[in-house]
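# prediction below, plus the sequence it came from.
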Amino acid sequence: MRKTILLLLLLFVGSQTISAQVPGYQGKRFSAGYNASTFFYIIPEGWNGDISDIFAGTRLSYKTELHVNYVLSRKVSAGFSYYFAKQKAYFTHNYVENFGYLVPKDDYALCRLNIFEFNMKFFRKNFIAPAGFYHQLSVAMVLYSLGEKGNTLTTYNQNNSSAPVVIEGDKDPYSCVKLGYSIGKTNPIGHNFYLNTAIGVNFFRGGDSYFLRDASEVHVRNYILVNFNRNLRTHNLIELKLGFGWLAF
Amino acid sequence: MKELFKLIFCFAFATNLAAQKIPDFNNYQALKCVGPIPEDFRMLSQEKYKNDVKAEAKTSKNHNVNSTKDEFLLETNYIVDELLLSGKVLFGDSVTNYVNKVADNVLINQPELRNKLRFYCLKSSEVNAFSTNQGIIFITLGLIAQLENEAQLAFIISHEIAHYERHHTMNEYLRNQEIFSDKGGYKYNTYDDQIRTASSYSKELELEADSIGIARLAKTGYDCEEAISSFFVLQFSELPFEDYEFNGKFLENPVMLLPKDLFLDSVKPINLENDMDDDTYSSHPNIATRRNRLESILAGMTDCGAMKFVEGKTAFYTMRKICRFETVRIMLNRKDYLAALYNAYVLQKEDSTSLYLKQSIGKALYGMAKYKNHSQYSDVSEYYGKKEGNQQQCYHLFAELNASQLNMIALRYLYNLSLEDSSYTVMAMRADLAEEAVRMNEIHYGDMTKTFALYLEMKNDTVDTTKKTTVAKVDDNTTDTKAYVSKYDKLRQAKKKQEKQEATETKKSDASKFYLLAFADILPNPGVKKMFEQAETIAAEKSAIEKAEEDKLNKMSSYEIRKMEQQKNTSGKKDGLSLGIDTVVFVDPFYYIANERKGLKRIESETQQLEFSNQVRENAAYSGLNIELLNPKSFTVNDVDKYNDMAVVNDWMGERLDHEDDLGMIPLETDRMMPLVEKYNTTHFCYTGVYTYTQKRPGRGFIVLLSVFMYPALPFAIAYAVTPEHHTYYYTLMYDVKTGNTDVKNTIHLKSKSKSGYINSIMYDMMLQIKREKKVKNTKR
């Protein structure tokens, strides 16, 4: 992890040295924008491998991204993004020690996501930042927590649905690191705006995941974390981004 | 007395008028367009096309225009407009005005038809005239340069009018489409048959135009016999303007004479046989056929005129002379140096003091010398054996001269010219050839002085030998024949004789380097010495750079060499270029959109071109680059100066593009560019544009087939297969017109649609690279 951050920092510093004569888009180096990230995911129990049922358990995940970007050189730009979302997390690790098989009231629990991302875009051959096709590398701090009202999750024992078990969410959000790679394009519209489309892949590492090393040890304390973490990985592994922005100055 | 004053006044006025009309051939200036820009040049092609379609629909029975006609109208409008806006078409100038007057005479009885037609001259050395469906008739300057009289021009104009009247261009196009589309009666024809059929139809149209043309001419008072003479002119139009003996004396000086072996003993006579060439596959009938046909028509005519000139002899000969002067320039522009030189030489017979002609000869010599020095002479010459008449001597001479010889002959000519004309171009050409003489041909000032000394010695030897022979003869008579001569004395005498013979041979062989005597008569002149000293300095610098580069390359690995080559291209550098240029003239920006299936999309391209021009202005403003935009599509009626400027730049660029960069040649049109350099306050002129095309993706079937086995990828594969592949090329070509050096030569390929955002981004970046000051490295000690 540290190595990755170090590498990104080195790239940033390297870009700064050649940023003395930065073109930008018609002289504009700073931009701000909005992206909607989404992708299909399949709820594991919704699909049994039958092709005809391929869409049966398919859902869409959403994330909202606000970002600012700064052109460092002809080929490189750096940016900061803030993502937030409330995603439906379907629980699959249900067996909790001393409680048996617990199921959330609506089969899912809302997972609140806050992601703080630093990214760098490397523009493809012959494109000049910030317009055109790019490769993006990103590193982000992901904070996720229970998004249900009152920070509590009502569950039922599968065998005894009349006795709800209320589990309190942790006060502090869980955390992990997201490493992302995406390819995309920024298409300026007129002089001041742009459209952005991208497809990317995310890997979640570190943070509170040490709790998850042994899934057989699921207990009330990490019940939400275990299930959220797994959902986080599957729902956000791949993302399609669509957005627009303002080429500010 | 009063009458005398009136006469003097009238004479003075008339002289003044004549002086205005007849150009100064000594300091001849290339033709320029004059007055308001005609609508033909200003209206957008798409508007013209739409108007034509409407007009065509009105005339057709069902008010529809079929697709072939529609295609013809679209293509022809765009092609003609490309020509009109190329800068090669003249309007409002003396020659075009003259052609219009002759056209007025030809159409004196058809005022309605006259109003539909527009006549323009085309700056081309080709002997040609053609009409378009829109009623525009083009006459080349090369054609007028060859004609004998006004009546011949009148016939050619009348012939072209007939093509327009009878819609020959459209009919021929429609027929050819039918023939080559393998439809109807042409379905089973071979390609050979198709060509023969098409050319046969074309010939019919030509003969019809001849018949209509002569019939019209007969009603105008022009001499119809001249129509037949015009075919004689056409037959020999490949020859120079006149046929004069060429002996190269103007290249010699009192000391340096061209050796006789550089000249042919006799030249090939001009073939006077009638043109009976096989015209089966030609678009035009052979000249003999056309002449015979006209003769038979003329035999039946009784009311033919007899005037060879209506506008006057002087007017015609003046116009022809202008055309001849122009043709020489055009020949130089298209690297036809030998033809330009010989024709300029021919024109000198009448205008021996003309600086323009001397400049033309100087330029031709410079061009040939440059190409010969770089072993590319075959690119600019034709085999002398194919030439007829006295011009063959000229072609032979320059074919025989080697690089050193031609370099020095050209240099001497330019040196003489520079004494009369010290303009930038002449001085630059002179300096360039002097440098190449030193660096490439290893000719040094010292060699020339040595050769001249030898020459003088040999000259003295010849005198001494004559004297000694006489003395010896006297001595021989008085010598005692019986005197004893020993064996050793005989051997000594024989050895001395042998040594003397060897020395003479050496001197003779040195003297054969006649080109070293090119400056012999003016060697002590400080100007000559200075010129060679400067050349030595520059040559030494260049050689040092070349050697350093060679050494560097020798030390580099093949990978490093490849990387360096890549970095020569702008895109290979991280920061791009830093040229530090403030002002650039952008000329004729272009935008072409093409499709694999439909070809060039004319209307979309034109619309985008206008948008692209706006983008050039906008990005220049954003980047802080001062620009002048010469976009012919947006010229207004009063922009004739801009049109003329664009024409000059196009001529210069056209020539420059024809020379390889390695040649380092100063374009011969540079002298015409210099006023523009002053006017726009920059030496940097730039072409820029976009070409974008769409095609089917390669291997689509395979991808889809593969995805069947990897079914989750199927939607992506289908999307891949049904969407086309886009390619966009952004071109920038910028030259320093003073040196001829390339500032930017860059093609950016985007595998994407040509979205205006991307174009803006690249264009702005390119302008920034042009504008950006060069980085100065701080060298700390």
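That came through, no problem. Here the structure is a predicted model, which is why all the values come from computation and not from measurement.
# can you tell me the element the closest residue to chain A within the stretch 551-700 of chain B falls in?
Among the residues of the stretch 551-700 of chain B, residue B:622 lies closest to chain A, at 4.2 Å counting by CB to the nearest CB. Quick note: C-beta positions are derived from backbone N, CA and C, even for glycine. Secondary-structure assignment from DSSP states H and E places residue B:622 in helix B:602-623.
# tell me the contacts of the nearest residue to residue B:367 once chain neighbours are set aside?
Spatially, and ignoring its direct neighbours in sequence, residue B:367 is nearest to residue B:337 (4.5 Å; CB to CB, 6 or more residues apart in numbering or on different chains). Applying CB atoms under 8 Å, 6 or more residues apart in numbering or on different chains, we find residue B:337 in contact with B:331, B:363, B:364, B:365, B:367, B:368, B:371, B:380, B:381.
# which phi and psi does residue B:337 have?
The phi/psi pair for residue B:337 (degrees, to the nearest 10) reads phi -70, psi -40.
# just residue A:106 next, same as before
Taking degrees, to the nearest 10, you get phi -100, psi 20 for the backbone angles of residue A:106.
# cool, the one 3 residues further on as well?
Recorded main-chain torsions at residue A:109 are phi -130, psi 150, according to degrees, to the nearest 10.
# pretty sure it is touching residue A:92, no?
No: taking contacts as CB atoms under 8 Å, residue A:109 lies outside contact range of residue A:92: 12.0 Å.
# okay, the two: which has more neighbours?
For residue A:109 versus residue A:92, neighbours defined as other CB atoms under 10 Å in any protein chain shown are more numerous around residue A:109 (25 against 14).
# in space, what's closest to residue B:306 - neighbours in sequence excluded?
That would be residue B:223: by CB to CB, 6+ apart, it lies 5.0 Å from residue B:306.
# my guess is the one you found meets residue B:310, correct?
No: the pair residue B:223 / residue B:310 is not scored as a contact, 10.2 Å apart, by CB under 8 Å.
# what kind of secondary structure is the residue of chain A found nearest chain B in?
As assessed by CB to the nearest CB, chain B sits closest to residue A:188 within chain A, at 3.0 Å. Under DSSP: H, G, I helix; E, B strand; the rest coil, residue A:188 falls in the strand class.
# that one is in contact with residue A:247, isn't it?
Yes: Residue A:188 lies in contact with residue A:247 (CB under 8 Å); the separation is 6.6 Å.
# hang on, the earlier thing: for the residue of chain A closest to chain B, what are its contacts?
Applying CB under 8 Å, 6+ apart, we find residue A:188 in contact with A:25, A:131, A:194, A:247, B:755, B:756, B:757, B:758, B:760, B:761.
# 6 Å instead, please
Residue A:188 sits next to A:25, A:131, A:194, B:757 when contact means CB atoms under 6 Å, 6 or more residues apart in numbering or on different chains.
# who does it form a beta bridge with?
Residue A:188 has these beta-bridge partners by DSSP bridges: residue A:194.
# output the below-cut-off pLDDT ranges for the stretch 201-350 of chain B.
The stretch 201-350 of chain B contains residues with pLDDT under 70 at B:201, B:274-276, B:278-283.
# same thing but 80
Within the stretch 201-350 of chain B, the stretches with pLDDT under 80 are B:201-203, B:273-288, B:302-303.
# all helices for it, in order.
Along the stretch 201-350 of chain B, counting by DSSP state H, counting those that start in this stretch, helices occupy B:225-235, B:287-299, B:313-333, B:337-348.
# just those helices: most buried one?
helix B:337-348 (a mean of 25; mean count of other CB atoms under 10 Å in any protein chain shown).
# tell me who's in contact with the residue positioned nearest the centre of chain B.
The centroid of chain B falls nearest to residue B:334 when counting by CA atoms, centre = their mean (2.2 Å). Contacts for residue B:334 (CB under 6 Å, 6+ apart) come out as none.
# so for the helix or strand hosting residue B:584, mean pLDDT?
Counting by DSSP H and E, the element that carries residue B:584 is strand B:583-595. The average pLDDT within strand B:583-595 is 95.
# which element follows that strand toward the C-terminus?
Downstream of strand B:583-595, the first helix or strand assigned by DSSP H and E is strand B:599-600.
# which residues sit against that next one?
residue B:594.
# let's see 7 Å
B:592, B:594 (CB atoms under 7 Å, 6 or more residues apart in numbering or on different chains).
# that one - which strands sit beside it in the sheet, and in what orientation?
When pairing is defined by DSSP bridges, strand B:599-600 lines up against strand B:583-595 (antiparallel).
# following the lowest-mean-pLDDT helix or strand in chain A, which helix or strand comes up?
Sorting the helices and strands of chain A by mean pLDDT, DSSP states H and E puts helix A:2-17 at the bottom, at a mean of 50. Moving toward the C-terminus from helix A:2-17, the next helix or strand (DSSP H and E) is strand A:30-42.
# from the chain's centre, how far out does that following strand sit?
Offset of strand A:30-42 from its chain centre (CA atoms, centre = their mean, to the nearest Å): 9 Å.
# also stretch B:761-776?
On the basis of CA atoms, centre = their mean, stretch B:761-776 sits 33 Å off its chain's mean C-alpha point.
# mind listing what's buried along that stretch?
B:761, B:762, B:763, B:764, B:765, B:766, B:767, B:768, B:769, B:770, B:771, B:772 (16 or more other CB atoms under 10 Å in any protein chain shown).
# before we move on, the earlier item: could you check the angle the strand holding residue B:584 makes with helix B:602-623?
Angle of strand B:583-595 versus helix B:602-623, following axes from the mean of the first three to the mean of the last three CA atoms, to 10 degrees, is 150 degrees.
# of all the residues in strand B:583-595, which ones are buried?
B:583, B:584, B:585, B:586, B:587, B:588, B:589, B:590, B:591, B:592, B:593, B:594.
# and those residues as CSV, adding distance to residue B:636?
Formatted as CSV, the buried residues of strand B:583-595 follow (distance: CB to CB, whole Å):
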residue, distance to residue B:636
B:583, 23
B:584, 22
B:585, 18
B:586, 18
B:587, 17
B:588, 16
B:589, 17
B:590, 20
B:591, 21
B:592, 25
B:593, 26
B:594, 30
